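A.B. asks: only geometry, no sequence info:
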């Protein structure tokens, strides 16, 4: 049970780091070419990131509670 929780936290941290790295790269690319659509893309990316984190946190909480 404890190993599962530790594993989930590790996976969550890895996902977080990967998403932050992707977001930074994404942002740097769109900083160079300023497009009106870039804001929409960044907003969509943030929504996607929050959704993923919410799913991971839900799984984590369910594992801890049950």
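C.D. replies: On my side now, so go ahead. In this text, all values refer to a predicted model and were calculated from it rather than measured experimentally.
A.B. asks: any idea of the mean pLDDT for the helix or strand harbouring residue 7?
C.D. replies: Assigned by DSSP states H and E, residue 7 belongs to helix 2-32. Predicted confidence along helix 2-32 averages 77 (mean pLDDT).
A.B. asks: buried ones in that helix?
C.D. replies: 8, 12, 19 (16 or more other CB atoms under 10 Å). C-beta: built from backbone N, CA, C; applies to glycine.
A.B. asks: any idea how far the most centrally placed residue in the chain is from residue 9?
C.D. replies: Centroid-nearest residue in the chain, with CA atoms, centre = their mean: residue 49, separated by 3.8 Å. Going from residue 49 to residue 9 by CB to CB, to the nearest Å gives 18 Å.
A.B. asks: so who does the closest residue to residue 64 other than its chain neighbours touch?
C.D. replies: Closest residue to residue 64 in three dimensions, ignoring its sequence neighbours and counting by CB to CB, 6 or more residues apart in numbering: residue 5, at 6.1 Å. Listed by CB atoms under 8 Å, 6 or more residues apart in numbering, the contact set of residue 5 reads 60, 63-64.
A.B. asks: Before I go, just wanted to say thanks for your time.
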